[in-house]
Each structure stands twice: as C-alpha cells, then as structure tokens.
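[1] Everything below, folded, please.
(4 chains)
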There are 2 protein chains.
Amino acid sequence: MSDQAYHAIRDGMQEGLFIPMEPLVIRTLAANYGISATPIREALQRLVAERLLTVLPNRSIVVPRMTQRRFRELMPIRAALEGMAAELAVDKFTEDEIAQLSELTARVEEVAKRHDSAGYLTLNREFHFTVYRRANNPELLLLINDLWLKVGPVFTGLFDDEHFKHHANDEHRNILAAIERRDAEAAGRFMRQDIDIAAKALLPLMPLTEGA
Amino acid sequence: MSDQAYHAIRDGMQEGLFIPMEPLVIRTLAANYGISATPIREALQRLVAERLLTVLPNRSIVVPRMTQRRFRELMPIRAALEGMAAELAVDKFTEDEIAQLSELTARVEEVAKRHDSAGYLTLNREFHFTVYRRANNPELLLLINDLWLKVGPVFTGLFDDEHFKHHANDEHRNILAAIERRDAEAAGRFMRQDIDIAAKALLPLMPLTEGA
DNA sequence: TTGGAGTATATGATATATCAATTAGCGTCA
DNA sequence: TGACGCTAATTGATATATCATATACTCCAA
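    Numbers count the residues shown, from 1 in each chain, chains lettered A, B, ... in the order given. Next comes the predicted model:
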C-alpha cells in the first residue's frame, strides 16, 4: 500500500503533477488514492528521507522548486559520478550491447530531429542508464538514479533551448564512438560534456534561489 | 518523536549496537524507547529509504552486513566525491581556517601515535568534514555524509591494520600541506589516496559477499 | 486601519486496534 | 528422522481515533 503510494507520488512528481512549494496534504492524497492516511504519510516521509521532498518549518511537505543554486551544486556531482560510470562501463560492453546502444542512439537522433521533447526525454534516459548499468556498480547506479529523480522534472525544458534542440544527440554519438573504440577517458569526458551542455540549456529556466 | 527515534537508532547503528542481519523488531524498540510503534516504524522506514537499513524478503528490517563487494562499489564513489570536495575546498580556506585545520591535524597525530582508535575516529571524521564543508556545496556534503553513515561502522577496524596504525595521519598531513600551498589537484589526490589506503586496511575485515 | 485575542478548523504526529503475513511449535505419518 | 499439516504466536502493515500544532476567521480596541 505504502509502496504503491510511494511510486504513484514519485511518478507524479516526475510528471510535474505537483506544484513546487504547494503543500502535499496527507488527507487529500489519501482520499485521492482511496487509502488511509498512514501509508500516504509513510510514502511522503520516505520521499523526504530521499530528499526528493522537503519539510517546511510549518511541517508541511512540498516538492522543492529547483533553483540555479541547488542545480549548480548537483551538476558537478552528476558529472563526477556519471562520468565515472561511463569510464567504468567502456570495457564491459559486449559487441552485441554496443550494437544495441548504436541502435538506441539512432532512435534518439530521430526523436531529436523531430524536436519531440517527450520522446527525447524517454530515450535520453534510456541511453544514459544503459551506459551506467553497464558500469556494473549497483551502488553507483542507485546514486545516479537518485540524482536523476532530483533534476528530472527540469529536463522537460531542454528543447526550449535553441542551441540544445539542434545538438541534442551530439554527445551521445561521441560517447558511443568512444565506447566503440574502448576509450574510457573519452567516454567519461563526453559524458561530462553532455551533462554540462544540458545544464547550460536548463539553468536559465530556473529561479536563482528559493526566494526568487 | 519519530525524529528522536530516528537519531537514536541511527546513532546506535554507528556504535554497533545492532547486530548485522538480526531483525530490528518494531514492538521491541518501541518498548525500549518508551513510545508507540508508529514513530519507530517511521524512523525505520526512513533509514530504509536512506539505504542504511535493508528490508529482507520476509519483511524484517536489518542492519546490512557490509561486504567487500558493496564496499568496493562505494569506494570509488567516495574517492570521486570526497576528492572533488577537497579540490573545491582549497581556494575557500581562509588563513585562520588553515591554522585551525593544522591544529586539528596535530591532534589527529597525537591520538594516532597513542593508537587511540576511538579518539582517532572522532578526529578523523572532524578533519574530513572540516575540509568537505569548506567546499561550500551543501548537496555534496549531504551525499558524503550519506556515504560515511554507510561505511562508518566498519571504520572501527582501522587500527587492526599494522600498516595503517603507523601511517594513520600521513595523508591528512599531505592534504593539509596541499591546502596550505593552494594546490587543489594535490589535495584531491591525497584525499583519494587516504580513502584508498583506509580501504585496503578495512577490506580484509569483511566477508566477501552476503552469503559468506 | 491595524494589531491582538479568542475560537474554529485544518493538518501533521502519535497511539491503539485490527488486519495480513510470517514464523514457531506440535503432532502425525512414512 | 524428516516432511507435512495445523494451530498459535509473533511481527509488519494499515485503519481509525485522538492529540498537538498551525492556520483561518471573527471581533474588539486603539
């Protein structure tokens, strides 16, 4: 029950169903999901523990609005961890898996050309996590997933950026090529570049700090 | 209430009060702490969400035994994040703060010479977090703290290693010196070395995997 | 008009009862 | 002796009631 509530609320957050900084009211959510307050409360507390939700001083629980300040804190972390995952993954890809990644990259190219934002987000995530999974470090994968849950909701703005929309698959191609030639250093570098470029596209969409 | 339970249980874990893989029974803990089951359950769920506790298939909640496998997954993460924190911190230390870090390093030296394991663990943590805090990236600090909570219980074995006990403060001195001469690259490198050396001392103390 | 006091209402936190699932213990049989 | 079935006890999960805290609203005085 509380697992179901957890996943429903978390997925709703990723889809932007909850307005940042507006309280999530336990009794309302319980009524909406047709269960008692207890598993709702537990699901919310769990999301708070994961730092996906924030408790305000008046005890209300909100989806935190992503700020440039916080985003700038998270980016070097992502670059470090996801860059490292790409490096670790390179030698672990089989030829079959590389072929699959190549096919996936081509699909990303298609949705990117069409400026299909939703399709891009889905396949972008699939591309990245295919690489990170191959690093074969479950703890690292969990951490990276945590980070994506935190920044995920702002990704929807990627195609608002003129530069990004025309270069949305460039780094993926570079990462793929580095993996093909087993160049771990380059794979890590292009992964970090991908994160950096996306960050530049996204930052203007956010308030500077929480007061803004 | 549930905050108090949370901190009591979490601190108890760091002190080794709970036997790895033995169930934490909600009703028993509630009786011990003199409160009802609800905040205990919430505290446990919170610690599960933070991956400090594990839910087994039979629904019981346990302190996971640290294994070499998991530890080896966590170490490169720590090296990447804590190394980066050290690099970021270097230019941010004031002269006063460097003097204080130098004094702290001298205190670590004293407890290390005496092979005072408990004293060392306290001051070692203080040394590390003084540096990481100075990186001025709250998200990074939270993540590093998460990692320390996960590996913290096995640190108690550091002085079991003959090599480590005689070199326990070497890297701290190197890190301090790098900070003094504002050499970010070296600070990061010595921080990673510190983590690597400690890992080598600790790994033999753990079972290989969960079944062992 | 603004600020303060008092009351009602809403909301989070906790206690308790009950339900759901798992384990322990016992007896029987091959 | 080991496996199976049954029942009782234990333990986690959920519902509901109640308590504690915060907010909204109204009224009155300066």
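[2] Got the domain ranges for chain A?
    As given by automatic domain parsing, the domain ranges for chain A are A:2-62, A:68-205.
[3] DNA strand C: which of those is closest?
    domain A:2-62 (3.6 Å; Cβ to the nearest atom of the strand). For the C-beta atoms, the positions are set from N, CA and C on the backbone; glycine is no exception.
[4] now for the closest one, what's the gap between its first and last residues?
    18 Å (Cα to Cα, to the nearest Å).
[5] near DNA strand D, anything from it?
    Yes. Interface with DNA strand D: domain A:2-62 contributes A:Ser2, A:Asp3, A:Ile35, A:Ser36, A:Ala37, A:Thr38, A:Pro39, A:Glu42, A:Asn58, A:Arg59 (Cβ under 7 Å from any atom of the strand).
[6] the bottom helix or strand of chain A by mean pLDDT?
    helix A:162-166 (a mean of 88; mean pLDDT, DSSP states H and E).
[7] ok, then the element right after that helix?
    Later in the chain than helix A:162-166, the nearest helix or strand by DSSP states H and E is helix A:170-180.
[8] where's the spatially most central residue of chain A relative to A:Leu88, distance?
    Residue closest to the mean C-alpha point of chain A, counted by Cα atoms, centre = their mean, is A:Trp148 at 2.6 Å. Counting by Cβ to Cβ, to the nearest Å, the gap from A:Trp148 to A:Leu88 is 18 Å.
[9] Same check on A:Gly16?
    Taking Cβ to Cβ as the measure, A:Gly16 falls 32 Å from A:Leu88.
[10] Which secondary structure elements does the longest helix along chain A sit against?
    Counting by DSSP state H, the longest helix found in chain A is helix A:68-90. Counting contacts by 3 or more Cβ pairs under 8 Å, 6 or more residues apart in numbering or on different chains; DSSP states H and E, helix A:68-90 packs against helix A:117-134, helix A:138-151, helix A:170-180, helix A:184-202, helix B:68-90, helix B:138-151.
[11] of the residues of domain A:2-62 next to DNA strand D, closest to A:Glu103?
    Comparing the residues of domain A:2-62 next to DNA strand D against A:Glu103 with Cβ to Cβ places A:Asp3 closest, at 33.8 Å.
[12] Which secondary structure state does that closest one sit in?
    helix (DSSP: H, G, I helix; E, B strand; the rest coil).
[13] which ones are touching it?
    Going by Cβ atoms under 8 Å, 6 or more residues apart in numbering or on different chains, A:Asp3 touches A:Ala43.
[14] which parts of chain A sit against DNA strand D?
    For chain A, the residues in contact with DNA strand D (Cβ under 7 Å from any atom of the strand) are A:Met1, A:Ser2, A:Asp3, A:Ile35, A:Ser36, A:Ala37, A:Thr38, A:Pro39, A:Glu42, A:Asn58, A:Arg59.
[15] make it 6 Å
    For chain A, the residues in contact with DNA strand D (Cβ under 6 Å from any atom of the strand) are A:Met1, A:Ser2, A:Ile35, A:Ser36, A:Ala37, A:Thr38, A:Pro39, A:Asn58, A:Arg59.
[16] Write the ChimeraX selection for whichever of those residues are buried.
    Listed next is the ChimeraX selection for buried residues among the residues of chain A next to DNA strand D, using 16 or more other Cβ atoms under 10 Å in any protein chain shown:
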select /A:2,35,38,39
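[17] how about the residues of chain A next to DNA strand D in a markdown table, adding secondary structure?
    Formatted as a markdown table, the residues of chain A next to DNA strand D follow (three-state DSSP):
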| residue | secondary structure |
| --- | --- |
| A:Met1 | coil |
| A:Ser2 | helix |
| A:Ile35 | coil |
| A:Ser36 | coil |
| A:Ala37 | helix |
| A:Thr38 | helix |
| A:Pro39 | helix |
| A:Asn58 | coil |
| A:Arg59 | coil |
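[18] Could you identify the most distant pair in the residues of chain A next to DNA strand D?
    Pairwise over the residues of chain A next to DNA strand D, using Cβ to Cβ, the maximum falls at A:Met1 and A:Asn58, 27.2 Å.
[19] of all the helices and strands packed on helix A:68-90, which gets the most neighbours per residue?
    Burial of the helices and strands packed on helix A:68-90 is given as mean neighbour count (mean count of other Cβ atoms under 10 Å in any protein chain shown); helix B:68-90 ranks first at a mean of 21.
[20] Mind giving me the packing neighbours of the next helix or strand along the chain from that helix?
    Using DSSP H and E, the next helix or strand after helix B:68-90 towards the C-terminus is helix B:95-113. With contacts taken as 3+ Cβ pairs under 8 Å, 6+ apart, helix B:95-113 sits against helix B:117-134, helix B:170-180.
[21] Save those helices as CSV, and put in distance to chain A and mean pLDDT too.
    Output for these, formatted as CSV (distance: least, Cβ to the nearest Cβ, whole Å; pLDDT from 0 to 100):
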stretch, distance to chain A, mean pLDDT
helix B:117-134, 12, 96
helix B:170-180, 18, 97
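[22] now for those, which one comes closest to B:Met66?
    When the helices and strands packed on helix B:95-113 are compared by Cβ to Cβ, helix B:117-134 sits nearest B:Met66, at 15.6 Å.
[23] Just want the angle from that closest one to helix B:138-151.
    When axes from the mean of the first three to the mean of the last three Cα atoms, to 10 degrees is applied, the directions of helix B:117-134 and helix B:138-151 differ by 160 degrees.
[24] Now do helix B:117-134: distance to the chain's middle.
    Mean-position distance between helix B:117-134 and its chain equals 9 Å (Cα atoms, centre = their mean, to the nearest Å).
[25] Over to stretch A:1-17?
    15 Å.
[26] is that stretch up against DNA strand C anywhere?
    No. Taking Cβ under 6 Å from any atom of the strand as the criterion, stretch A:1-17 and DNA strand C are apart, separated by no less than 9.5 Å.
[27] Skip ahead from the helix or strand where A:Met13 lies and say which helix or strand is next.
    Assigned by DSSP H and E, A:Met13 belongs to helix A:2-14. Once the chain leaves helix A:2-14, the next helix or strand it forms, by DSSP H and E, is helix A:26-33.
[28] Give me the buried positions along that next one.
    For helix A:26-33, a neighbour-count test (16+ other Cβ under 10 Å) marks A:Ile26, A:Leu29, A:Ala30, A:Tyr33 as buried.
[29] Please identify which pair of the residues of domain A:2-62 next to DNA strand D lies farthest apart.
    Farthest pair in the residues of domain A:2-62 next to DNA strand D (Cβ to Cβ) is A:Asp3 and A:Asn58. Separation: 28.1 Å.
[30] Before I go, just wanted to say thanks for your time.
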